[in-house]
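**Q** have a look at this prediction, sequence included:
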Amino acid sequence: MQSFMTGAPGHHIQSIKKSTSTRLVYVIFFLLVSVVAYILSYWSFSWFNNLDVLKICSKGDNECKGALVVYRLTFGLALYHILLGLVMINVKSANDSRAKFQDGYWPLKILLLGGLIFVSFFIPNSFFRIYTWISIFCAALFIFIQLVLLIECAYSLNESCVRKIEDEGHSGKKWYILLCILSFGSIALAIAGTVLMLVFYGKGNCSINQFYIVFNLGICLIVGVLSISEKVREYRPSSGLFQSGVVMLYCTYLIYSAINSEPPGTCSSNSASTPKESTIIIGAVFTIISVCYSAFRSSDSTELLGNHNHYSSIPTDPNAETTGVADDECECTAYNYSFFHFTFACGAMYLSALLTNWATMTDTDITSSNSTSSSNFTISVDSGMVSVWVKVVSSWVVVLLYLWTLVGPLLLRNRVWD
């Protein structure tokens, strides 16, 4: 694993940190299971026709089979990270024997992951009727983590651009121009998207869609004005239009995604029950990347965990030759191991909710000729418009979180705000 990081003799290169390389391996595991879950959820149903746990689905009901397969794959992945998270509780020193298990024993951990996924295909479907609701709850937690990271990232990017502008001085204005383009561009895109949604999804008597769209625009504009108000900037100098534009654009996307998740027969203009494959693939790619980044980044986020002090043993001498993986955890851990695995477990459940379109399992009184019991389970997709409301409420939560970053320093003036 370390060989690809090694440079040619005589070259002075920056080594990758051990803490980073370890998390990258877990990200690869997550990515592989995610891709497999996505593929099996849409195309490879014939492979599982002989599994008793899938015989409860009516013949040709690929949506039911795909959901059951996804539940099992993501459950195995989530349980894997839950077990590792429990083992790593309160690990603060690299000298702890459990820290060595976090960074090594990969063949054993691969076998553990594969074994958990394999065993999950023999768990009765009645368990997954409960698991679907647990996964929805944990998916909501993961969405909250994503929203915190989004706001933290927006502030970090803005501060980075401001530093570049200060370093640039009077010699040029390219960073200033770039920041203006990003700030006003994101706001313009959000407003354009809002207008288009009103035109295509808010016409007629579809008052619920009109409410989603207009309310989202209103609260985003309010926090945008607050972000540049003199009183707020006095106590939060880093606030500005860039963060407001990012939040506004993301909220607009969430509302668009929510409206497109509405079942046929409601206000949605979607007449088909399943989206195009190209739409599914693009959405899955962005989802998996987002999940991996959020799970990776959250383990050392200062907004989520506060400051995590550790000592780095990476050579600081610019003339020092360093190759391979540099140990940055000689004395203390560089990130919270347990929270890292907890976030990945929630990410796995979030992935299951997305790939099944927030489906739930409900009892029916219908007896299937393929069923091994007197009762049958069916998959109820978007029952109660779950996915719609999860996305709509998420857009409101991100605005509230951003609003708190603006008014918090004004209300709690004795606290130090980073």
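**A** Thanks, I have it.
**Q** hey, where'd the helices end up in the protein?
**A** Per DSSP state H, the chain has helices spanning 18-42, 62-87, 97-103, 106-120, 125-168, 174-201, 207-227, 230-235, 241-260, 277-298, 302-305, 337-355, 386-411. These are given in chain order.
**Q** alpha carbons of stretch 153-170, as CSV, please.
**A** Taking Å, rounded to 0.1, in the frame of the first residue of the first chain, the C-alpha atoms of stretch 153-170 are listed here in CSV:
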residue,chain,number,x,y,z
CYS,A,153,-16.4,24.1,4.3
ALA,A,154,-18.1,27.3,3.0
TYR,A,155,-16.5,29.3,5.8
SER,A,156,-13.1,27.7,5.2
LEU,A,157,-13.2,28.4,1.5
ASN,A,158,-14.2,32.0,2.1
GLU,A,159,-11.4,32.5,4.6
SER,A,160,-8.9,31.0,2.2
CYS,A,161,-9.9,33.3,-0.5
VAL,A,162,-9.7,36.3,1.8
ARG,A,163,-6.2,35.3,2.8
LYS,A,164,-5.2,35.1,-0.9
ILE,A,165,-6.7,38.6,-1.5
GLU,A,166,-4.7,40.0,1.4
ASP,A,167,-1.5,38.3,0.2
GLU,A,168,-2.2,39.6,-3.3
GLY,A,169,-2.5,43.2,-2.1
HIS,A,170,-2.5,45.8,-4.8
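**Q** what's the local residue count around the closest residue to Arg236 other than its chain neighbours?
**A** With sequence-adjacent residues excluded and distances taken as CB to CB, 6 or more residues apart in numbering, Arg236 is closest to Pro409, at 4.7 Å. (Glycine included, C-beta is placed from N, CA and C.) Residues contacting Pro409 under the criterion other CB atoms under 10 Å number 19.
**Q** wouldn't Pro409 be in contact with Arg233 here?
**A** No. Counting by CB atoms under 8 Å, Pro409 stays clear of Arg233, with 10.1 Å between them.
**Q** related to what we said a few turns ago, for Leu51, find the nearest of the helices of the chain.
**A** Smallest distance to Leu51 across the helices of the chain (CB to CB): 8.8 Å, for helix 62-87.
**Q** what's the distance between the closest one and the middle of its chain?
**A** The gap between where helix 62-87 is centred and where its chain is centred comes out at 16 Å by CA atoms, centre = their mean, to the nearest Å.
**Q** now Leu221: how far from Leu116?
**A** Leu221 sits 48 Å away from Leu116, going by CB to CB, to the nearest Å.
**Q** ok, now which ones touch the nearest residue to Arg98 once chain neighbours are set aside?
**A** Nearest non-adjacent residue to Arg98, counting by CB to CB, 6+ apart: Val91, 5.1 Å away. Counting by CB atoms under 8 Å, 6 or more residues apart in numbering, Val91 touches Arg98, Ala99, Gln102, Thr333, Tyr337, Ser338.
**Q** go again using 10 Å as the cut-off
**A** By CB atoms under 10 Å, 6 or more residues apart in numbering, the contact set of Val91 is Ser97, Arg98, Ala99, Phe101, Gln102, Thr333, Asn336, Tyr337, Ser338.
**Q** state the pLDDT value of it.
**A** pLDDT, Val91: 80.
**Q** same deal with Cys153?
**A** We have a pLDDT of 83 for Cys153.
**Q** that one contacts Ser290, correct?
**A** No. Using CB atoms under 10 Å as the test, Cys153 is too far from Ser290 to be in contact (11.6 Å).
**Q** before we move on, the earlier item: in ChimeraX, select just the buried ones from the contacts of Val91.
**A** Those of the contacts of Val91 that count as buried under 16 or more other CB atoms under 10 Å are selected in ChimeraX with:
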select :99,101,102,333,336,337,338
